[in-house]
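Enquirer: Sequence below, structure please.
(4 chains)
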2 protein chains.
Amino acid sequence: MAATIKDVAKLANVAISTASRVINNSGYVSDETRARVEQAVKELDYTPNSIARSLKQKSTYSLGLVVTDIGNPFFSEVAQAVERAAREQGYSVLLVNTDGKAEQERDGVDLLVAKQVDGIIWYSPINSKLAEELSQRKSGPVIVTITGRREPIGTHTIHINDEIGAFEAVNHLIRLGHTRIGYIAEPEGPEYPQERLHGYLRSLQEAKLPVDRSLIVRGDYQQGGGRKAIKEILKNRPLPTAIFAANDLMAVEAIQYAREIGLEVPQDLAVVGFDDIMLAGLRGIDLTTVAQPKYEMGQEATKLLISTLKKEKASRYITLLPSLVIRRSCGYRLKGSAVSW
Amino acid sequence: MAATIKDVAKLANVAISTASRVINNSGYVSDETRARVEQAVKELDYTPNSIARSLKQKSTYSLGLVVTDIGNPFFSEVAQAVERAAREQGYSVLLVNTDGKAEQERDGVDLLVAKQVDGIIWYSPINSKLAEELSQRKSGPVIVTITGRREPIGTHTIHINDEIGAFEAVNHLIRLGHTRIGYIAEPEGPEYPQERLHGYLRSLQEAKLPVDRSLIVRGDYQQGGGRKAIKEILKNRPLPTAIFAANDLMAVEAIQYAREIGLEVPQDLAVVGFDDIMLAGLRGIDLTTVAQPKYEMGQEATKLLISTLKKEKASRYITLLPSLVIRRSCGYRLKGSAVSW
DNA sequence: CTGTTAGCGCCTTCAC
DNA sequence: GTGAAGGCGCTAACAG
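Expert: Numbering: from 1, shown residues only, chains lettered A, B, ... in the order given. Below is the predicted model of the structure:
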């Protein structure tokens, strides 16, 4: 049995409340008494039970981090930022994986609520109603969502403008002279923001390029999905000369597959991804991609969350812009294009 | 204010203990009463406060996961396995990053202890004394360590036989005809297991190859560190024909650097890594590497931990063997070698 | 079957 | 300055 404050008090020959005072440094205690208590603490190797403390104080100093898949390097980088920012402020983080399933998300969030987390960083809400409702509760956790959607959800929203990111990526391909651009798209369904698709479409439209629906194939954001999708897309004739993929994982798989069947990247097929996960920058991969400010996203969200906890703060909506990182996978100029780079 | 069991009891017109019974499904309750309580629960949208429950039951149903760097894809894969296994058993996981610093590790673990986690999966203990001592405490958390060291630490130990992994990797290079094999080593210092170095050395010795200390340069396991190390190693003349690196991140950087300065991989320089993180298998990288059973490690550790929690179990020591995954970065045969593959 | 009664470990008035 | 007492939300005997 670990020592409790009671043991400390007894050993120091003081009342529990006095022991509490010196441990928490609150209220007046004579130097002499303080010394006695501190001595007792040391002797018993006493650690305050923060469960009990939380029960009393209604604050657990912990926050939940809800992500689709912590095994995905993209989320893991965000998680790293969150953990660091949280630790620096004395908070700890409870990790919940949703695997992209609404049910798991609900259960996970329920768990976090039961564990009385002070706040939740939610990336990203499949079930936005749940998030919205939760953030309405008076004594519920503060909810910060990170999302590619436009609509704010929760107490605070960190919005990554995916639409513009995708738009810029496709624009870049168009400037390079591409006119048949395939798209390995985000999955369909209400739980997935369709902003990247919108950006892709808008770019084509503004350039007055036709939209060929058979060049748009849904991916699943997972390993294996990019391969399936690119296969599908490359059944089209004439072949597209460029591919935009809704995330890097799928983009890299597209490159792999293209090379396997004898296409050269970028000469025969230019590829642009989305996210800028670490591997995108490796030599041998060199993926041009839309970089999401992963670290900032995690850090911003955490800081915002914790500062809200410390004092009331109006709901905030922050937009972060992704940026296009040009590497080699898109080529610098398409053969026969009039545009020089 | 969130609803408490008291509110539920009042609304259902029963005693608190009765409400508790139906909520926890313990003891006999008449169907009629049960229905009333359930109705009340629904009406108030009641969620049990697990903080309070934990205080009473001495069990928080949460476990700590201590890793060096969750942003590192290697750890993030282990974390994924841990989270999943934990969730399946109704446990949640508190994430602690050490960034490889002893102080952060201590603070993080203190935090976990204060938060009364039931167990800690510790990968990997820099300060093994801390781990050992903690696992001795009667009412302390169950400690499962994952480590490349031989010595058991904590309640249970999952040992990855790094020495054999490294040994096999270097053996492979030797079989391919290499005799000057550089090593981008693990960092020095008591907090880092030196098993991979041992394996490297043993392999050379058994093959009766000379050990050239200037071909062994310490890395830091981080991004950037492989680059620095390979630079150093390649100052040697004659150049080594092969490089073994203590992890994939550094191995990949070595490949990048080698290519930048005009060396072909694997023709001029064969490279073997350690870990088998996702990117190792990508086309364009194709890194031959010692695969650690990441998923098994996380899962095994978690299951072991939780089963211990449920009923006393003797301390266990499990050894998992890594396996060599041969891809292209090591070449199939060294020019001029007599060994065919 | 159901209600009453003690706490779990801690913090926080409120007296002295 | 210090102590006594109440209660956070919940569970677990123990009576009825």
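
Enquirer: What is the neighbour count of whichever residue of the stretch 101-250 of chain A sits closest to DNA strand C?
Expert: Scanning the stretch 101-250 of chain A for proximity to DNA strand C using CB to the nearest atom of the strand identifies A:Q116 as nearest, at 13.0 Å. For glycine as for every other residue, the C-beta is placed from the backbone atoms N, C-alpha and C. A:Q116 has 22 neighbouring residues, counting by other CB atoms under 10 Å in any protein chain shown.

Enquirer: My guess is it contacts A:S54. True?
Expert: Yes: if you go by CB atoms under 8 Å, A:Q116 and A:S54 touch, sitting 6.6 Å apart.

Enquirer: where do the contact lists of these two overlap?
Expert: Counting by CB atoms under 8 Å, 6 or more residues apart in numbering or on different chains, the common neighbours of A:Q116 and A:S54 are A:60, B:51.

Enquirer: Next one, pLDDT for A:V109 please.
Expert: For A:V109, the model assigns a pLDDT of 94.

Enquirer: now check the helix or strand harbouring A:E105, is it near DNA strand D?
Expert: In the assignment (DSSP states H and E), A:E105 maps to helix A:102-114. No: figure legend: helix A:102-114 not in contact with DNA strand D (CB under 7 Å from any atom of the strand); closest approach 8.5 Å.

Enquirer: Okay, now the unreliable bits of chain A?
Expert: By pLDDT under 70, the low-scoring segments of chain A are A:1, A:332-341.

Enquirer: can I see the domain layout of it?
Expert: Here the domain parsing of chain A from automatic domain parsing is A:5-48, A:60-161+A:293-322, A:162-291+A:325-330.

Enquirer: Take those domains and lay them out in CSV including distance to B:G226.
Expert: Below are those laid out as CSV (distance: least, CB to CB, whole Å):
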stretch, distance to B:G226
domain A:5-48, 40
domain A:60-161+A:293-322, 17
domain A:162-291+A:325-330, 11
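
Enquirer: which residues touch the helix or strand following the helix holding A:E105?
Expert: Sequence order places strand A:119-123 as the next helix or strand after helix A:102-114, per DSSP H and E. Residues from elsewhere that reach strand A:119-123 (CB under 8 Å, 6+ apart): A:63-68, A:75, A:78, A:82, A:109, A:112, A:131, A:134, A:141-147, A:153-154, A:297-298, A:301-302, A:305-306, A:308-309.

Enquirer: now the strands for chain A?
Expert: Using DSSP state E, the strands of chain A run over A:62-67, A:92-97, A:119-123, A:142-147, A:156-160, A:181-185, A:216-218, A:242-245, A:270-275, A:288-291, A:317-320, A:323-325.

Enquirer: Not counting its own residues, what contacts the first one?
Expert: Applying CB under 8 Å, 6+ apart, the contact partners of strand A:62-67 are A:75, A:78-79, A:82-83, A:86, A:91-98, A:105, A:108-109, A:112, A:115, A:117-123, A:125, A:141, A:302, A:305-306, B:94-95, B:115.

Enquirer: Give me the sheet partners of it and which way each runs.
Expert: Sheet pairing of strand A:62-67 (DSSP bridges) gives strand A:92-97 (parallel), strand A:119-123 (parallel).

Enquirer: Show me what counts as buried in stretch A:174-182.
Expert: In terms of neighbour count (16 or more other CB atoms under 10 Å in any protein chain shown), stretch A:174-182 has its buried residues at A:174, A:176-178, A:181-182.

Enquirer: From the residues you listed, list the ones also adjacent to DNA strand C.
Expert: Restricting the buried residues of stretch A:174-182 to those within reach of DNA strand C (CB under 7 Å from any atom of the strand) leaves nothing.
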